[in-house]
Structures are given as structure tokens and as C-alpha cells.
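Engineer: structure for the following, please:
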Amino acid sequence: MDDEKGSSHNVATYPDVEDHHDGVSRAVAFPEDIEEKPRPKGVEMKRTMTQEEKDLAAAGYEHLNPNSKNRKAEEANVDIHEHKLPLGAMGDALKTSFNHKDPGSSSGLTADEARKRLQENGPNVLTPPKKKSAIRKFMDRLLTMFNILLIVAGILEYVLLGIDFHANFQNTYLGGILILVAFVNASIDFYQIQKSEAILASFLAMIPPSCRVVRDGSIVTIPAAELVSGDVVLLRTGDKTPADLILFSSTDLKVDNSSLTGESEPQERHPLVDGSPQRPVEAENLVFNSTLVVNGEGWGVVVRTGDHTFIGQIANLTGGESGNESPLAVEIGHFVVIVSCIAIFFAVLFFVVGITTVYVGQAGATVTFAVSILVAFVPEGLPSVVTLLLSIAAKRMAKQNVLVKDLQGVETLGSVTTDKTGTLTRNQMTVTNIWSGLRMFSAFQSNNDDETTEKFSLEAPGMREVVDVAALNSRVKFDKNDVPFDQRQILGDATETGLTRFAGKYLRTGYDSHVKGFRKVFEVPFNSTNKWALVILNKPHPTGHLTSYIKGAPERVLDKCTAYLKDGKAVPITEEFRTEYNTAYDYMASRGHRVIACAQALLLGDQYRLDHPFSRTDDQYPTSGYCFVGLVSLEDPPKHGVREAIGTLRLAGIKVMMVTGDHPKTAEAIARKINLIIGDTRESLAAKTNRPAAEVYEDEFTAVVVHGDDIDALQGWQWDQIFAKDEIVFARTSPKHKLEIVKRAQALGHIVGVTGDGVNDSPALKKADLGIAMNISGSDVSKEAANMILLDDNFASTVKGVAEGRQIFANLKRSIQYTLSHSTPEVVPQLLYVVVPIPLPISAILILVIDLGFELLIALSFAWDKPETSDGLMRLKPRKPVTANSIQSRKRRALLRSKTLHRDTETGDVIAPSKISAFADKLKTPFRRSFWEGVMEPTEDETLVDGKLLSYAYLEIGMIEMLACVLSYFVVFYKNGFSPADLRTAQKQPGGVAYFTKSSPDFTNTRGEVIGASKQVDALGQAQSIVYLSIFICQCFNVFAVKARLSFPFGRSAIANKWNFVGILAGACLGIFIVYTPPLHVVFGGSYHLSPLYWLIPVAFGVIMLLWTSLRVLVLRKSIESMRVKDIRGLMMFPTMRTMSMHSRASRK
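Structural biologist: Numbers count the residues shown, from 1 in each chain. Below you'll find the model as predicted:
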């Protein structure tokens, strides 16, 4: 896609289905001894990396590697010794009962004994990390930069009140209001945080951790908190280990210890009769609390609970709360610091100017004036507006079935999305085709099969053997066994469920009786390493009693075969067979179907007797000499709306990747069905042009399918080539690859989102910028790790979330742009007051009324703004696009950073700097050349507060509003007998004569008219009132002007938000109430003599404002158009045929 090149978009990844039994087709590359066309590696070139590139490849990952020295020191201090006991002594030591030969018959503890131990030892929970108290949280919210400025300004006003009470009486109200505003801001922020934490806590409380335990000889499910030492626990795939257990029985059990020990690979655990002499972390018979069971099942006895477990004894692993801030929080903090510094600078500057010119010897008046400048620059209501805007958006997203844990993580959603294949598809595997004896059969009505494809029949050669493998080599269970087969719910993974339904449909004698008729003698469950499942049954045949069935990844199964089944006989495998096999495999995989292979071995009776001691630990079972039965393909059709959703995301400039365990051809076929791949890969282009794949250059193709076998060996420049492509699929990946892909994408600056629901997805969910978990199908672990949860497991909800997130950012930016616009008309008149000088155009307390009165209400109303155009913001690039320039800039910074790190000379671990040296380094940063090079470097990123926003607020609209205020001010004074020259004369009277107060002397203007004290006060009240009203009226027009980015500030989209008008009406009522109510004049000033005709002046400037913004839209339209994502040729924005046919059948019903 040439139209998408040059702005490598933000990345979304698709981790695929879990690694337990669902993945029989998840194999790696074909073995070398099987002839296959060589797999061209699309990312491989002959090139030698420079030393700089080698350094750069490691620079961004230093913080991800645990400090091995510290970890080993912690492990050495752990006090666990029960794993050293032999199994015979374990029961006596823990005073419990278990049977390691037949674990299902274990008695466990009695309920009374368990209750007694629970009372003695307490619940099985870790002492939670020390959290901040409510008071500490409130103080954190109160002591932000804005609030500190307000509090200090308020205290200064009260200090002045103490020095001269009568001269500074009005400061009583001003100081109190400033301090009150700071506390109100903090209270709103604190309330929203507490509310968000309460919602999250209540949600997690709905899914309390539980476990299966043996009590009084029966297996019951209890809360994990009620476990006690001596309990017998059953562990299965997907479980979170509830306590430290010693295993006394297991079946292919593997646990993920990465969160505790840093081991990336799942560790195999099994019972040891004589105990283990190793350290706890190396003991093969010990599983730790909170680790994940990723494969198999096991029985164990609890030896440690709560804080006495391994994880409980390592203090720093249960440490405090995370301090990571979202990108939006960082930007808001940066903006607050900038505005605060500007406010402090001008307040100090004006104080110095005032004390040396107008207010010589009048320190009190000068301080009040400086506070007015401070108040004018600081948008006091903005923190509350930001918090409330995000809260409103989060509630609206909940209605879209998107639950957001972190309010400021809402906006990040607009930059990224993802899903996994299990959610893209219906998770309803259906057997479609069977290839056996060199013949292809169709088991599903389809119009896509060749004419030579035969219809499935159980009587056809090889079909009965395929059905037997599907039925007998299975670990599924049913919710009920006393109902007809087609009414049962099958409990198992999608692949085995599809095979079981297929077998049940054709077994005429009955599924249950057929399975029970052949007892299992030995079994090797599927795991992600072997990628096959094997079962040995008591199924007699002419040469013996035992039959072995194997099913799994085709290349792995074929590697174990020496013959294939044809017309009921075993025929040696030939080159002709391999050619036909490859053709059949390509036919199935190219249609996006999952392909598995079946094989059987009729074990000879004299070699394998019924009592043969089969064993998994030393491979004492048949692993070769099998007879290949056939290939079976299963289809899991895409969910309704997935194709359109991915097309929408791509048109929004979001790069969508898929990470799957399927075969590359299957993965590519699925990707082409759902708009993930449209262009050519190296292989497809080579086939089209009749060229060898090695002769196809990198810039000729736009899509790449990366094989999992290649990922571990990829170098930094090869990752760059991969992410430079528009369409990316990672196939035949293992769980450890998911996290690596996320890290590599983030290293290039991509904002990465990962969706997952399995236990293996949790590390990637945690590492991603936005972890998205499934509510219905997701595991507890994935929900805990994610930032966001899709309540309906629907991919379309993610798309809605992207649109909502982008609109949130746009609305937040409008609100800030609107709020900052009134700073210029507040500050410039204050400057004229000092420089010219003229009577004070607007008081500090009226500025507060503006900031906290109508401004707060109207700024909040932007939360309900609708998109400007019909396609909203979903045709614009992400606000932080990843380009070639941004990648190079990031690499240079990473390389510079890596060179400044201090390392241990022995281990190479990074040595963290002390707090003092870190603080000193921060102080030096602004004086470094590299810092300013980074600041001044041009970027395409759109930040919350950028140059265009500041130009609009301060220099464009702000100046128009300022002119409206100044002109209205002078016109009102002129109508009351004061020309501009008169005002300057009155303000610069020598001898300290003060006009415009109740005790002022009479003033004679240039026309010879004498103006008394009461009329002077009224004239000042009218002038200040019209300045206040001018700002309000201009801001009413600005409500619509700030919306003009993609379109003019007119039309339905500009006026569609009714809450804008509610805010304007409330502001108008407030303004009229303050100006025209005499009792309030003591505090706010004002005059009820002000004629409404003067309002026409700011109205005229409001019209000018709308015309200016219209001209601005025309001028900036070209730059806005460049941000739009161009149309992508080949996108299919309509449902798949299978989806449409199913919907039509449903509608007919």
C-alpha cells in the first residue's frame, strides 16, 4: 500500500489461541528430512550489523531484564524446606491423608480440621502492599502546581489584610475564594479516583480466586483464601496456583514461574518419591503460589499459605503501587508546569513594573495586582474539567460494553486496538475436509470444493479410522451425559470440540458406548512443545490387543510415520505420497482452515502386552513406525462484523498485526478473509511473476508472514524491515514470542495494544500500552493484567472504543483551547492598567467568576460533542504516527542513553543511580545540547497542547476578544464623560489622589464637565461590567469557533450539542445576576445602569471571530487533508459469505 507508506502506524497485535489442546495445527517448520519447498524468509538479507546497531538493539531493553544479583540474594533467604521430605513422611508431617498412586481416592482434611487450622493460621492471603491513606491521596491531589499557586496567592491576600485591614478589605473574599477553589479542585479529583477504585474493586470481587480441594474425601471448590496447610489440591491447565504445594501426582504438568524466577520457559513439575535436595526455586516437586499452570494437571498438598509462601517472603515482589503514568497524564502534567511557569513569570514581572512605576511605595496594591495577573493566567477550573470529562467519557464507554480501569487510559484507546484469533472467529470449529488414501472428502456442505472432492461416507476407505482417532484420542468432557449427544455442551478446546461433534454425528452405535468400549491404557496429552497428542487403547486387532492413535501438527505426525493407509492397507510412504500430501495440505491451509493429521499404530502383542509399563518420563512408548491415516481440516469462520471492523481500523491509520500459532498458509488465508492482508507477500509476488522468491526486492511487496522459527534469530535491522510493512502476520509462534513482538514494536515508538484471554497472554497484556481482556472467555489472570475489558467479547466494541477515545481527545483539546482563550483579554487590560495607566478594567474576583462560573460549565459541556464529520476522526492518522524520522530519532536517543548507564563489571547489570545523583542529573539536563536538540526536533506528533492550540488561544481568538473588551471599555467610559486621555489623567494624578472611589474628589474632564464621586464609581462599575460581559459574549461565539477544524463553525455538527446551550444559558443568568444586582456590587463591582446596547460591540467581534475561524479552516485544510488516511484499494467492507448466509437463515427462522 503505497498510500500508507511513510507513516508507519500505531500497532495492534493479535495473539492466537491458547497453547493447551486447541493447537493441534500449531507446529513449527517442516523437519529437514521431509522434502518441502524451501521457505523464503521475507526479512532476511546478507548484511553485517555495525557495532552501533548492536548497541542500539540492546539499549531499549535494559529495564526489562531483572537484576540477577538481587533476585538470587532474595531467593537465598527464602525459608521453605518441606520439598525435601519423602512422600511417605509428608502425610505425617502435615497430618493429612493423600494417595499418590490413586490421587482421586485421597481423603484430604476433614472440614472440622480445616476450620480449626484456618482459625489458628489465618486466611491464605498475602498482606496487601501498603497503600496510600485517603488523606495522603487527597494531599497528592491538593499539592499540584495549579493548586499550590492558588493557595499561596490566597495566603498572600490574607497577609495583606493583616497589614492594612481597611485598604485591603475586598481581599477577604478574594483570598478565601482562591483557597476554596484549590480545595474544590482537589476534592473533585479525589472523588473521581476513589470512585474509579471502588468500581474496579467491586468488579474484581465478582471473580474471587477459587480452587479445587479434597475435603472429607470429596472434591469441592472453595475460595483460595480458605486453604490451609495439609489441604489436597487439584490443579488443571489455566489455574492460578492458590498456595505453595508439594506434588504427589501429575500428568504433564508445566507452570509459568516467570513472574517469580524470571525463567521465560514454562517449567515441568512432577512428584519425587524421595523428595528434592535442591533449593526451593529449583525443586521439581514444588509449585509456588500465584504461578500459572500452562499445561497438564496435578495433585498437591499445601505446605505454605499466605505470607509464608515463596512470594510472600520476597518483599519487593509484593511491593507498592505502580507509578506508571498514561501518555495523557504526562501531557497534562507538562502543560500545567508550562502554564504555571508563565503565570509566575508574568506575575513577578508585573509586580516589579508596578512597584517601580504606578504603585511606588504601595506594596499591598502591587501584590494584589500581581495576584490578579496570576489568577488571569491560571485556568483554575481546568483540572476539574479534565477529570470530569474523562469520567463522563468512561461512563459512555461502559454503555458501549467497554470497561476502562484507568480514566486517563481512555484516550490511549484512540491510538491502538487489537484482538486475538479466538475473538476474531466464532470459536466454533467445524470439520470441513478429510484427505485419506490420496483422496479428498468433503464433510461440510460447501460450494468451494473441487469437482473431484467426494462426499464423506463412513464406509469409504480410511474414514472409520479418522472417526476413531477423533473420538478416542480426546480429553473432552460433557456438562451432562444423560441427554442425547447433540444436546450436550462439550467442555474442551475448540479443535477437540469440533472433532468430537464430527465423530458423534457418524458413530451409529452411540458415542458413549463406543468410547467406553476401548479403555485408555496410556496417554500423552497435547502440549505446545510436542504439538501432538497420543493415546494407547485396549482395542484388539489381529496382531495384538493395543492400538495407538496420534493426532497433531501434520509435519510432526508425518515425521513419525513410515507408511500410509490406502484402501485399508498400510502402504510405504513414497515421493508420490509426499507430493500429494503437500498438495492436499496447501489446498486445506490456503482456505484458512486449521489442519491436523491422524495416524495409528497396531502394536504387536508379543512386544506390547496389556500390562506393559508405559512411561512419559523416559519415552517408554511407541514414537515411530506409525501408519498415516489422513489430514482433517477444520474451519472457524470469522465473526460477523470482523472484516468491516478491521477495514475501519486500517482506514483509521492503525496498523493491525496478527500473532497466531497456525501454519503460515492458514494464517495468511485467514488474514486475507478479514482485511488483514490485501497486498502481495514475497512468496505470492514471486509466484505471480514466475521469479524465485530470493529475487523479489523488499520494496516490491507490502505484506509479510513471519514464521515463528525465525523470530528468536531476528536482528534489529530485520525487525525494522518487518514493522516497515503495511500488513504483518506472525505464524507458528509460541507464547514467549508474543511478549517479544510487543517489546520490539514499542522500541520503535509504536503504541501497542494486545487483546488476550488466556493465562499465557497476561505478560503481553501487562507490557502493552493498552491491555485489552475479554470478559466472558477471559481468564481471571488476563482481566487483572489488562487496562480495559470488553464486556461482550465483541471485536466491534474495540472499534467503538477507538472512535470514542479519539473523540475524547478532540473534546478535551477543544475544552482546553476554549478555556485558554480568555487569558489574553484578562491579562492585556491588566497590562494597560500598569503601563498607560488606566482604571482597572477587570478585578481579580471577576476573573475568578469567569474561570469558575460560566467557563467551567461550558468547558464541561464539550464532553458531549459529536464528531465534526460523518466519518468522525476515524479517517485521520493516529496522533503519534511512527515514521522513518521518528524511528531514527528514537534510536539515536536510545543509543545515547545506553552509553550513559553504569554497569556492574562482573554481571553487566545496570546499577541504579542514587536519588541525589538522579536529582543532580535532572538539574543538568536543560543545560545539555542533546536536551535542546530533542526539544527543537520537528515531529509529526499531535500533543494535547501544541503550538497551533496556543496560537489560537493566545494570539488569534485571544486578541480578538481583547480588542472587544478594550473597545467596549473605552466606549462605556466615553459615554460617561471620560475620554481615554481623561482616564490616563485621572489615574496619574500626582500626590496620591485616588479617583473612582466613594470618597474621590470631583474630576473635570477635557470638555470642562465636572464629574462627582458617585458617577465616577458608577462609570467604573459599568466599564468593568462590560469587560466581563464582553469576555462572556465572545466566549459564547468561541464555543462554536473551537469546533472548526475539519469543517466550518456553522451547520448541524456545530450546534448539535444541546449542553453547549445549557452552559451558555447558565453563564448568561450568572452574568446578568452579578452585574445587575446592587447588593453584589460590594463584592464584584458592577452597575445596573449598564445599557444592553453595549452588548452589541462584543457581538460584532464574535461574528468576526467566526469569520476568522472559517478563514483558518481554509488555510489549514491542506495540512488537515495530509493527516487523512488515503483510501486502501482492495478493502472488503462487507460481511463474509458464510456470515451472510448464516444471518439469512437466522432471519428466516
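
Engineer: where does the stretch 751-900 of the chain have low pLDDT?
Structural biologist: 757-762, 777-782, 784, 870, 872, 897-900 (pLDDT under 70).

Engineer: so which residues of it form helices?
Structural biologist: For the stretch 751-900 of the chain, applying DSSP state H, counting those that start in this stretch gives helices covering 762-767, 780-785, 795-820, 823-835, 844-852, 854-861, 884-899.

Engineer: excluding chain neighbours, what is closest to Pro383?
Structural biologist: Asn185 (4.8 Å; Cβ to Cβ, 6 or more residues apart in numbering). Placement of C-beta: from N, CA and C, glycine included.

Engineer: just the angle between the host helix or strand of that neighbour and helix 844-852, please?
Structural biologist: Applying DSSP states H and E as the criterion places Asn185 in helix 171-205. Following axes from the mean of the first three to the mean of the last three Cα atoms, to 10 degrees, one obtains 20 degrees for the angle between helix 171-205 and helix 844-852.

Engineer: for helix 171-205, buried residues please.
Structural biologist: Buried residues in helix 171-205, counting neighbours by 16 or more other Cβ atoms under 10 Å, are found at 171, 173-175, 177-179, 181-182, 184-186, 188-190, 192-193, 196.

Engineer: so is Ile596 in a helix, a strand, or just coil?
Structural biologist: strand (DSSP: H, G, I helix; E, B strand; the rest coil).

Engineer: closest to Pro1078 out of the helices of the stretch 751-900 of the chain?
Structural biologist: Set against Pro1078 and scored by Cβ to Cβ, the helices of the stretch 751-900 of the chain come closest in helix 844-852, at 16.2 Å.

Engineer: what's that closest one packed up against?
Structural biologist: helix 171-205, helix 363-377, helix 1013-1041, helix 1081-1084 (3 or more Cβ pairs under 8 Å, 6 or more residues apart in numbering; DSSP states H and E).

Engineer: between those helices, which one is nearest to Asp710?
Structural biologist: Distance to Asp710, taken as Cβ to Cβ, is lowest for helix 171-205 among those, at 39.2 Å.

Engineer: counting contacts, what elements does the closest one pack onto?
Structural biologist: Judged by 3+ Cβ pairs under 8 Å, 6+ apart, helix 171-205 is in contact with helix 134-142, helix 145-163, helix 363-377, helix 382-399, helix 844-852.

Engineer: redo those helices as TSV? Include distance to Ala443 and mean neighbour count.
Structural biologist: Listed next are the helices and strands packed on helix 171-205 as TSV, based on distance: least, Cβ to Cβ, whole Å; neighbours: other Cβ atoms under 10 Å:
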stretch	distance to Ala443	mean neighbour count
helix 134-142	61	14
helix 145-163	68	19
helix 363-377	74	23
helix 382-399	43	20
helix 844-852	71	23
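
Engineer: okay, those helices in a markdown table with distance to Val330 next?
Structural biologist: Shown next, in a markdown table, are the helices and strands packed on helix 171-205 (distance: least, Cβ to Cβ, whole Å):
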| stretch | distance to Val330 |
| --- | --- |
| helix 134-142 | 16 |
| helix 145-163 | 14 |
| helix 363-377 | 22 |
| helix 382-399 | 13 |
| helix 844-852 | 25 |
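
Engineer: next, the buried residues of the helix or strand Ile355 falls within.
Structural biologist: For Ile355, the element it lies in under DSSP H and E is helix 327-356. By neighbour count on 16+ other Cβ under 10 Å, the buried set for helix 327-356 is 327-329, 331-332, 335-336, 339-340, 343-344, 346-347, 350-351, 353-355.

Engineer: ok now that helix, how far from the chain's centre?
Structural biologist: Taking Cα atoms, centre = their mean, to the nearest Å, one finds helix 327-356 lying 33 Å from the centre of the chain it belongs to.

Engineer: which secondary structure elements does that helix sit against?
Structural biologist: Packing partners of helix 327-356 (3+ Cβ pairs under 8 Å, 6+ apart): helix 145-163, helix 363-377, helix 823-835.

Engineer: for Ser999, which of those is the nearest?
Structural biologist: When those are compared by Cβ to Cβ, helix 363-377 sits nearest Ser999, at 16.3 Å.

Engineer: and the angle from that closest one to helix 327-356?
Structural biologist: 150 degrees.

Engineer: Pro926 is nearest to which of the helices and strands packed on helix 844-852?
Structural biologist: Closest to Pro926 of the helices and strands packed on helix 844-852 is helix 363-377 (Cβ to Cβ; 22.1 Å).

Engineer: so where is the stretch 451-600 of the chain shaky, pLDDT-wise?
Structural biologist: Looking at the stretch 451-600 of the chain by pLDDT under 70, you get 451, 479, 508-509, 528.

Engineer: mind jotting down where the strands sit in it?
Structural biologist: Using DSSP state E, counting those that start in this stretch, the strands of the stretch 451-600 of the chain run over 454-455, 477-478, 490-491, 520-524, 532-541, 544-552, 561-566, 569-572, 594-602.

Engineer: between the ones you listed, which gets nearest to Asn811?
Structural biologist: Asn811 sits nearest to strand 594-602 of all those, at 43.8 Å, using Cβ to Cβ.

Engineer: alpha carbons only: can I get that closest one in CSV?
Structural biologist: What follows is strand 594-602, C-alpha atoms only, in CSV (Å, rounded to 0.1, in the frame of the first residue of the first chain):
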residue,chain,number,x,y,z
ARG,A,594,-6.8,-25.5,10.6
VAL,A,595,-5.2,-28.7,9.6
ILE,A,596,-4.4,-31.7,11.8
ALA,A,597,-3.1,-35.1,10.9
CYS,A,598,-4.1,-38.5,12.3
ALA,A,599,-2.1,-41.7,12.5
GLN,A,600,-2.3,-45.1,14.1
ALA,A,601,-0.1,-48.0,15.2
LEU,A,602,-1.3,-51.5,15.7
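
Engineer: what mean pLDDT does the helix or strand that it is followed by have?
Structural biologist: Toward the C-terminal end, the helix or strand that comes next after strand 594-602 (DSSP H and E) is strand 626-635. For strand 626-635, mean pLDDT is 94.

Engineer: next, the angle helix 795-820 makes with the following helix or strand past strand 626-635.
Structural biologist: Using DSSP H and E, the helix or strand that follows strand 626-635 in sequence is helix 642-651. Between helix 642-651 and helix 795-820, the angle formed by their directions is 30 degrees, by the same axes, to 10 degrees.

Engineer: which other helices and strands contact helix 642-651?
Structural biologist: Here helix 642-651 touches strand 655-659, helix 795-820, going by 3+ Cβ pairs under 8 Å, 6+ apart.

Engineer: most neighbours per residue, which of the ones you listed?
Structural biologist: strand 655-659 (a mean of 27; mean count of other Cβ atoms under 10 Å).

Engineer: only C-alpha atoms, please: export that one in PDB.
Structural biologist: Taking Å, rounded to 0.1, in the frame of the first residue of the first chain, the C-alpha atoms of strand 655-659 are listed here in PDB:
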ATOM      1  CA  LYS A 655      -1.600  -1.000  11.700                       C
ATOM      2  CA  VAL A 656      -3.200  -4.300  12.600                       C
ATOM      3  CA  MET A 657      -1.000  -7.400  13.100                       C
ATOM      4  CA  MET A 658      -1.900 -11.000  13.800                       C
ATOM      5  CA  VAL A 659       0.200 -13.300  16.000                       C
END
